[in-house]
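> what would the 3D arrangement of this be:
(4 chains)
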Amino acid sequence: MNLYEYAGKEIFRKFQIPVPEGYVIASASELRPYTSPVVVKSQVLIGGRGKSGGIKFAKDQKSLESAVKELLGSKVRGFTVNKLLVEQMLEIKKEYYLSITLNRTERKANLIASPSGGVEIESVPESQIFRKSIDPIIGYSDFIGRQLAKFMNFDAELSKQIRAILPRLYEVFQKYDCELVEINPLVLNGDGRLVAADSKVIIDSDSLFRHKEFPKEDPERTPLELEAQEKGYSFVELDGNIGVIANGAGLTMATLDALLLHKGRPRNFLDLGGTDSTDIVVEAFDLVLKANPKVILVNIFGGVTKCDTVASGIVEAKKKYDIKRNIVVRLSGVREIEGREILKQNGIEAFSEMMPAVEKVVKFAGGA
Amino acid sequence: MNLYEYAGKEIFRKFQIPVPEGYVIASASELRPYTSPVVVKSQVLIGGRGKSGGIKFAKDQKSLESAVKELLGSKVRGFTVNKLLVEQMLEIKKEYYLSITLNRTERKANLIASPSGGVEIESVPESQIFRKSIDPIIGYSDFIGRQLAKFMNFDAELSKQIRAILPRLYEVFQKYDCELVEINPLVLNGDGRLVAADSKVIIDSDSLFRHKEFPKEDPERTPLELEAQEKGYSFVELDGNIGVIANGAGLTMATLDALLLHKGRPRNFLDLGGTDSTDIVVEAFDLVLKANPKVILVNIFGGVTKCDTVASGIVEAKKKYDIKRNIVVRLSGVREIEGREILKQNGIEAFSEMMPAVEKVVKFAGGA
Amino acid sequence: MKVIVDQDTKVIVQGITGHQGMFHSGEMIKFGTKVIGGTSPGKAGQKVNGIPVFDNVADIAHLEPEATMISVAAPFVKDAAYEAIDAGLKLVYILTEHVPFHDSMEILYNARRKGVRVLGPNGPGITRPGKCKIGIMPNTIFRKGGVAVASRSGTLTYEIVNAITQKGMGESTVIGLGGDPVPGMDFIEALELFNADEETRKIVLVGEIGGSNEERAAEYIRKNVKKKVVAYIAGRSAPPGKRMGHAGAIIERGVGTAESKIKAFEEAGVKVAEYPIDIPGLLE
Amino acid sequence: MKVIVDQDTKVIVQGITGHQGMFHSGEMIKFGTKVIGGTSPGKAGQKVNGIPVFDNVADIAHLEPEATMISVAAPFVKDAAYEAIDAGLKLVYILTEHVPFHDSMEILYNARRKGVRVLGPNGPGITRPGKCKIGIMPNTIFRKGGVAVASRSGTLTYEIVNAITQKGMGESTVIGLGGDPVPGMDFIEALELFNADEETRKIVLVGEIGGSNEERAAEYIRKNVKKKVVAYIAGRSAPPGKRMGHAGAIIERGVGTAESKIKAFEEAGVKVAEYPIDIPGLLE
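Here you go, the predicted structure:
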């Protein structure tokens, strides 16, 4: 789960990682009178806000008011701006990059830093990037900070500051079950202090049971995805016209891949998961229908989820939602014969192999 | 460093380990009016306070006042009572024993519990003692609590309570660098709650640099021991008449052992440590003289601490403190010849072997 | 050769009285697995599928179990794993989904310290036809044979194993690595085992987008594996940055794309199937 | 045989610009130890006893050091140890006194995970006459020979080694285990090494009151050691509960008393000296 910049900075503040002074507003009425130069930052979960006009500077009351008026409710790269962060303006002397994230191949967290911050870190040459694996059991230790400070060419004072920030950043990474904590840019301010000018914090959604303070919302998800998540499905909206219901993430992915290779365009990713119940199937149809695809493909390999259960669910859903559009079904594995028989009795043809089903549904959808 | 009961309980309270309500007083004027039955407990660092009359019960204002009057300033097993803990009286249904301590042989912490608490745990048969090693890296985990609860024959409610207490107790053990955290007795109160009726917390003195909240005092030490500790010496007062100055804890111990085997009685243990400076020697004499022994034995094996440095220190101390009592010296190792020469010039005879020196000093002391 | 488990491996199920624990312990017994006990605190004395239930793993330790299937809710997985490790078990298979990856990481590194192997979380387990099954793979799809399969996916594994079996081939060992960001086992560890196992003649790897485990596996194969290896990569159609069910399947910065994995495999002489169903054909 | 270190062991000193680091690095070089560098953050480019100083251990890693002597203040020991482990060193000797035992414990278990040996804290190190010295034992007391010594005490070790040398015998390896509650090495680990080393013909153990390491060592000797072993136990005169300098030397509940240790040794055929000076006599 992605946190908004302001929420990430609240955590930073709590862990004594320096951030600019500021406050969040959701309406113009919450704006405080102008006292000194400020930055007004749209709270949307997308990079490149500056270039897209989502960040404005104000040097008097009037420009502050007009910035707020302009930004609140506007769209930044497709995302509606519901909140603004009003922050003291920094006197930027230098911008650095700093983050901790999981390296899945190493199965360890990595500390990443660069003297070239404020830009897309991907475009920074490898020689300008400090990267250090953190032992999962030992955790962060000061020698790592000393190595980092040397790489960054920090003087004694900046080395001291960064080595105060790093253990706290790692603590945030650990305590909040983060996939990523990122400060880009970490600014060397006019007063000589290192300050986190931005924050990007991604929390492992699986850990939310122990982080009740965060609302169960993920602003990166569409309303339909959120509804599906709430109901326990893995569901992603895509932009095609073939609704997909399958079981298992791998098989669902393979289904989408097969559609694509046959020039079909999936409307969604929906993984039924491993529960054997007709309700799960019926509800899955409800979600897919809300996405309004032209046709629907059901691809099941029966194991824990049995084919006859799925067949019954399909029949029930077809009646309940009065589905007229074509449904192409493939059932294989545990109870496949029983499942296909149920469907046949209800006028639905079911394949036992995946490829013919894919070919058929693509044809119905008007592709290939 | 031993904490007083009340200080241990303050930590317990902070970590939400249930303790009786109460407050500490250092004078009768701090006593609050009687409202309900209380226990008045002398704050001294010694066991068996109850049997020695250091704990009194009060069921009205009058008995409370007289208990305070009686206890404050009194002596419990030789220790002066400067503070009292006034606590709500528990309705004891059952007493358990619970502790976490370092097992030095395993090099791991042990969780120890017994359904027979409130007594000296040494006298409880082994079959009544639950003992579990805690992996130093994994730490406490709930399965340990489930094993303990089963051993203690706890019902579901008590199991839940103890499994809430245990992770916190381990957290105290870790966060405060404890050698021991002990609750004896852990009381099953009339209201069905488990409550820590006593606390024994021993903090590793070497860790005090990160626990600045504790005053650098150790109530178990004599004033002279505290002075020595302040000055950086390992120093223990004993009850003999031979002052001892040696270097290295092992050699100092071996010196005391040798004296004992020769029927000598050491007045103290003093380890010079590994610094090569005459001042260290002079100050050591100051401490030993304050203990007023009949004779003084100096036993040095020169390494980092060189024999000639020690010799110069002895000469300087002899002059500075105008020492008339006999000083027996043994110098061996690095610069032993130079050292013995310095002493000889100042009228002090020095041995090169330990045993003759020990024999001589015991003779001077009037032993053997 | 014993590949993690064999016909003598004694297995327990932590959380045996739950829906999953009950069903799959039964299936495992039917498959021939030596399930000797299960745990469920407070339910000692009960039986599930004829198997005795205990309060704690320590209470079963005298029966000398070697492996456990953990099927408790995600918040309790870490404790269950440590309980098994403490009791001296040598294989911890975690069936549970949605285990926080910080927990998985902690479990993995502590397990390694103690010489314990972790499988999962969120994978279908390990199956050795004719020997032992620990996990949730459907019993019916297997036949004893010479093909070893290691897969990051669950259902897709069944699909592929089924296809292999239907083409008249059979499997020596099938390992589901799990799709989580920090799996207990990766392709290289599986390849080491398959390479050393004389019953295994051919190897199938079922990968997914995300991470660079497939690329590293390809490198390992190039250097060490003489047996025939074929592969399938799921997620070719995934748009960058979109989650596809498995948290493991996020494409980050171009690393871990389907293209990069397919290229790595092909350069190592590993044929990559376009469709899962093509795997048996490539094996022939 | 290489007993932890030998003449080729490359050594660094962390905290080389401190009083102790400076003095003892010089002494180690005089003894013949291959000291190849030292660290002191911010002091890179300086030299101490002709040895180059670096900011971080990582900056010396290219010289492939194998062992380190840590001589930094107690609060910084843990970081220094992890720095050395991270850089791939295989022996971490901690000279520093007053390291909190919770830190020592953490260091020890993490070192073991990585196959790193810890010596100390608060011990005099290891000396192999004619080969290598890491630590603070006086150079002058040694002579190459066949007696191996493992000791929980510092000065007392020198006393005993000196006596052995003066009687015309010599030492193969002398290890100071350190007197702290959680030492990196214990008697059994030392005995395993001495037992396997063909240059070692006789063994001396110097114990102390507290803990039950001596008792366990006696048990080990009874079962495994054919070489002659003699011992000395310091602290016979210590009153119960009084601290005697080493935190390790607290008598708790009758366990770990001098009596119990002496009894255990004698039952294992290990003669126990009344005075340190008697050790050479018992060896003959």
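> chain C - how does it break down into domains?
Chain C breaks down into these domains under automatic domain parsing: C:10-119, C:137-283.
> gap between residue A:208 and chain B?
Look at residue A:208 and chain B: by CB to the nearest CB, to the nearest Å, they are 20 Å apart. Glycine gets a C-beta too; all of them are placed from N, C-alpha and C.
> number of nearby residues for that residue?
By other CB atoms under 10 Å in any protein chain shown, 18 other residues sit near residue A:208.
> residue numbers of the stretch 1-150 of chain C in contact with chain B?
When proximity is defined as CB under 8 Å from any CB of the partner chain, the stretch 1-150 of chain C approaches chain B at C:41-42, C:55-58, C:76, C:78-80, C:82-83, C:85-86, C:110, C:113.
> ok, residue 167 - contacts?
I went with chain A, as the question did not name one. Neighbouring residues of residue A:167 by CB atoms under 8 Å, 6 or more residues apart in numbering or on different chains: A:140, A:142, A:145.
> can you look at chain C instead?
For residue C:167, the contact set (CB under 8 Å, 6+ apart) comprises C:280-281, C:284.
> drop anything exposed from the residues of the stretch 1-150 of chain C next to chain B.
By neighbour count, with 16 or more other CB atoms under 10 Å in any protein chain shown, the residues of the stretch 1-150 of chain C next to chain B hold C:41, C:55-58, C:76, C:78-80, C:82-83, C:85-86, C:110, C:113 as buried.
> go back to those and keep what's next to chain D.
Answer for those near chain D (CB under 8 Å from any CB): residue C:113.
> of the buried ones among the residues of the stretch 1-150 of chain C next to chain B, closest to chain D?
Distance to chain D across those (CB to the nearest CB) is lowest for residue C:113, with 5.1 Å.
> in JSON lines, list the domains of chain C along with mean pLDDT and distance to residue D:219.
Below are those laid out as JSON lines (pLDDT from 0 to 100; distance: least, CB to CB, whole Å):
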{"stretch": "domain C:10-119", "mean pLDDT": "97", "distance to residue D:219": "23"}
{"stretch": "domain C:137-283", "mean pLDDT": "89", "distance to residue D:219": "37"}
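> okay, and which of the buried ones among the residues of the stretch 1-150 of chain C next to chain B map to helices?
Judged by DSSP state H, helices contain the following of these: C:78-80, C:82-83, C:85-86, C:110, C:113.
> which of those are close to chain A?
residue C:110.
> check contacts around the residue nearest to residue C:278 when sequence neighbours are not counted.
Nearest residue to residue C:278, sequence neighbours excluded (CB to CB, 6 or more residues apart in numbering or on different chains): residue C:232, at 7.9 Å. Residue C:232 is in contact with A:254, C:156, C:160, C:204-207, C:272-273, C:275-276, C:278-279, counting by CB under 8 Å, 6+ apart.
> over to residue C:135?
Counting by CB under 8 Å, 6+ apart, residue C:135 has contacts C:24, C:28, C:69, C:93, C:95, C:119, C:123-127, C:176.
> keep only those of these that are in strands.
Of the positions in those, C:69, C:93, C:119, C:125-127, C:176 sit in strands, assigned by DSSP state E.
> tell me the one of these nearest residue D:131?
residue C:119 (46.4 Å; CB to CB).
> which bits of chain C sit near chain D?
With the criterion set to CB under 8 Å from any CB, chain C comes near chain D through C:109, C:112-113.
> report the backbone C-alpha coordinates of stretch A:40-48 in PDB.
Taking C-alpha atoms only, stretch A:40-48 is exported to PDB below (Å, rounded to 0.1, in the frame of the first residue of the first chain):
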ATOM      1  CA  VAL A  40       2.000  23.800  -2.200                       C
ATOM      2  CA  LYS A  41       2.100  20.100  -3.100                       C
ATOM      3  CA  SER A  42      -0.700  18.100  -4.600                       C
ATOM      4  CA  GLN A  43      -1.100  14.800  -2.800                       C
ATOM      5  CA  VAL A  44      -1.400  12.300  -5.500                       C
ATOM      6  CA  LEU A  45       0.400   8.900  -5.800                       C
ATOM      7  CA  ILE A  46       2.300   9.600  -8.900                       C
ATOM      8  CA  GLY A  47       5.800  10.800  -9.700                       C
ATOM      9  CA  GLY A  48       6.600  13.900 -11.800                       C
END
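> return the set of buried residues in that stretch.
The neighbour-count check on stretch A:40-48 (16+ other CB under 10 Å) flags A:40-44 as buried.
> please apply the same query to stretch C:224-237.
Here stretch C:224-237 shows C:225, C:228-237 as buried, counting by 16+ other CB under 10 Å.
> what's the answer for stretch C:150-167, then?
Neighbour-count burial for stretch C:150-167 [16+ other CB under 10 Å]: C:150-165.
> all helices for the stretch 51-200 of chain A, in order.
In the stretch 51-200 of chain A, the segments counted as helices under DSSP state H, counting those that start in this stretch are A:61-71, A:142-151, A:156-175.
> check those helices for me and report the most buried one.
The highest average neighbour count among these, using mean count of other CB atoms under 10 Å in any protein chain shown, belongs to helix A:142-151 at a mean of 22.
> count of neighbours near residue A:86?
Counted with other CB under 10 Å, the neighbours of residue A:86 add up to 22.
> confidence score at residue 1?
Went with chain A since none was named. The model reports residue A:1 with a pLDDT of 86.
> nope, chain C please
On pLDDT, residue C:1 comes in at 87.
> swap in the one 4 residues further on?
According to the model's per-residue confidence, residue C:5 sits at a pLDDT of 97.
> for the nearest residue to it once chain neighbours are set aside, give me its contacts.
The shortest distance from residue C:5 to any non-neighbouring residue, by CB to CB, 6+ apart, is to residue C:132 (4.5 Å). By CB under 8 Å, 6+ apart, the contact set of residue C:132 is C:5-7, C:9, C:11, C:31-34, C:126.
> now flag whichever of those is closest to chain A.
residue C:31 (13.1 Å).
> neighbours of the residue nearest to the closest one when sequence neighbours are not counted, how many?
Nearest non-adjacent residue to residue C:31, counting by CB to CB, 6+ apart: residue C:133, 4.2 Å away. Here the number of neighbours of residue C:133 (other CB under 10 Å) works out to 27.
> residue C:133 is in what secondary structure piece?
strand C:132-135 (DSSP states H and E).
> quick one: mean pLDDT for that strand?
Computed over strand C:132-135, the mean pLDDT rounds to 97.
> dump the contacts of residue A:167 into JSON lines; add distance to chain B as well.
What follows is the contacts of residue A:167, written out as JSON lines (distance: CB to the nearest CB, whole Å):
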{"residue": "A:140", "distance to chain B": "16"}
{"residue": "A:142", "distance to chain B": "14"}
{"residue": "A:145", "distance to chain B": "18"}
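> where do the helices sit along the stretch 251-368 of chain A?
If DSSP H, counting those that start in this stretch is used as the criterion, the helices of the stretch 251-368 of chain A fall at A:278-290, A:307-320, A:336-345, A:354-365.
> which members of the contacts of residue C:232 are the farthest-apart pair?
Going by CB to CB, the pair spanning these furthest: C:205 and C:275, at 15.5 Å.
> with neighbour numbers in mind, choose between those two.
In terms of neighbours (other CB under 10 Å), residue C:205 is the more surrounded of residue C:205 and residue C:275; the figures are 28 against 18.
> thanks again, I'm all set now.
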